[in-house]
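# build me a model:
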Amino acid sequence: MNRISTRIRQSLRDIYPPEELKALTMMICCDMLGFDPLDIYLGKDMILSECKERELENIIFRLQKNEPIQYIRGFAEFGGRKFKVAPGVLIPRPETAELVDWVVNENPGAHHLLDIGTGSGCIAISLDKKLPDADVEAWDISEEALAIARTNNEELESRVLFRQRDVLSDDWEKTPSFDVIVSNPPYVTEAEKDEMEANVLDWEPALALFVPDDDPLRFYRRIAALGRELLLPEGKLYFEINRAFGREIAYMLEMNQYRGVRVIKDIFGKDRIVTANR
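Got it, this is the predicted structure:
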């Protein structure tokens with residue numbers, strides 16, 4: 001290893017497991033400091049300019065505070081695109097990209113789609129890109145999240161219509177108009193906090209993460225009720241879910257007269273998506 005790689009690993013070895021630290025080191029050296037990956041693999045020593053030295057110090061300092069590398073870089077990769085992220089929005093996960101793929105593959109002729117709880121806009125913008133003939137609308141309660149989503153919308157040259165909406169309220173006129181509603185709502189219970197990594201718990205927005213222990217399905221119930229009003233006949237509902245509540249969400253949808261309810265496993269074999277027909 002060269003001097004810089006060694007410095008990064010020694011500074012962070014008490015915080016990150018070896019494999020994650022190895023990936024972080026390569027990302028810092030190559031993607032953020034601009035070194036050639038081959039030079040890193042060969043262990044060539046490199047000299048940092050004064051500016052790059054300060055940049056490296058700042059990166060290490062922020063990582064020592066458990067700040068996610070995506071926030072430090074300012075973007076996260078999702079579905080082959082770079083999305084601006086900051087502590088006001090969740091960092092997109094690979095499981096959510098699977099959700100997008102299910103929606104696209106099953107609804108190639110959809111005309112009007114709605115993403116509820118859009119965050120960075122990664123779901124809505126990806127749908128817009130993959131279904132260019134469709135109109136995509138996206139809602140979020142957070143103005144901070146919407147500002148980031150609108151920036152991504154502009155930078156990625158997509159056409160999503162973003163609106164500030166609180167889905168738990170009932171103060172706007174509702175007209176059936178959507179072929180698909182998709183949502184990755186808050187679904188982590190307060191009791192699960194003890195199991196979470198510090199880089200999630202300390203940095204990602206609680207508003208987008210947590211639900212009360214005594215009401216973990218609150219967003220799913222509300223969105224299911226909205227779906228009865230907003231979805232066109234034969235319209236479809238897609239949820240990303242907490243793996244612990246697949247059966248409960250499926251049952252709730254059946255009780256709300258949805259048809260064809262399915263619980264779908266993610267790439268890790270965990271219940272992660274629930275879908276149903278209006």
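
# residues making contact with the helix or strand where F61 lies?
Using DSSP states H and E, F61 sits within helix 50-64. With contact meaning CB atoms under 8 Å, 6 or more residues apart in numbering, helix 50-64 is reached by 4, 7-8, 11-12, 15-16, 24, 28, 32-34, 48, 69, 72. The C-beta positions use only the backbone N, C-alpha and C, and glycine is treated the same way.

# give me the buried subset of those.
Buried members of the contacts of helix 50-64, scored by 16 or more other CB atoms under 10 Å, are I4, R7, I8, S11, L12, Y16, L24, I28, L33, L48, I69.

# in the stretch 51-200 of the chain, what residue spans correspond to strands?
Counting by DSSP state E, counting those that start in this stretch, the stretch 51-200 of the chain has these strands, from start to end: 75-78, 81-84, 112-116, 135-140, 161-164, 178-183, 188-189.

# direction included, what does the shortest one pair against?
Right, strand 188-189. strand 210-211 (parallel) (DSSP bridges).

# I264 falls within a helix, correct?
No - according to DSSP: H, G, I helix; E, B strand; the rest coil, I264 belongs to no helix; its state is strand.

# I'd assumed D101 was in contact with it.
No - in this structure, I264 is not within contact of D101 by CB atoms under 8 Å, at 10.8 Å.

# re the thing from before, among the contacts of helix 50-64, which are in helices?
Per DSSP state H, helices hold the following members of the contacts of helix 50-64: I4, R7, I8, S11, L12, L24, I69, I72.

# for those, give me CSV that also has distance to L231 and pLDDT.
What follows is the ones in helices among the contacts of helix 50-64, written out as CSV (distance: CB to CB, whole Å; pLDDT from 0 to 100):
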residue, distance to L231, pLDDT
I4, 54, 89
R7, 55, 91
I8, 50, 93
S11, 51, 95
L12, 47, 95
L24, 43, 93
I69, 38, 95
I72, 40, 96
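
# and which of these is nearest D171?
I72 (38.7 Å; CB to CB).

# quick one: contacts for that closest one?
I59, R62, L63.

# just P233 next, same as before
P176, R278.

# can you list phi and psi of it for me?
Main-chain torsions, P233, degrees, to the nearest 10: phi -50, psi 130.

# please apply the same query to the one 4 residues further on.
Recorded main-chain torsions at L237 are phi -120, psi 130, according to degrees, to the nearest 10.

# give me the below-cutoff pLDDT ranges for the stretch 1-150 of the chain.
1 (pLDDT under 70).

# one more pass at 90, please.
The model of the stretch 1-150 of the chain has pLDDT under 90 over residues 1-6, 30-31, 34-49.

# hmm, back to that, with distance to G121 added, can I get the ones in helices among the contacts of helix 50-64 in a markdown table?
Formatted as a markdown table, the ones in helices among the contacts of helix 50-64 follow (distance: CB to CB, whole Å):
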| residue | distance to G121 |
| --- | --- |
| I4 | 35 |
| R7 | 36 |
| I8 | 32 |
| S11 | 34 |
| L12 | 31 |
| L24 | 26 |
| I69 | 20 |
| I72 | 20 |
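
# that older thread, right, so of the strands of the stretch 51-200 of the chain, which gets closest to R243?
Using CB to CB, the nearest of the strands of the stretch 51-200 of the chain to R243 is strand 188-189, at 10.8 Å.
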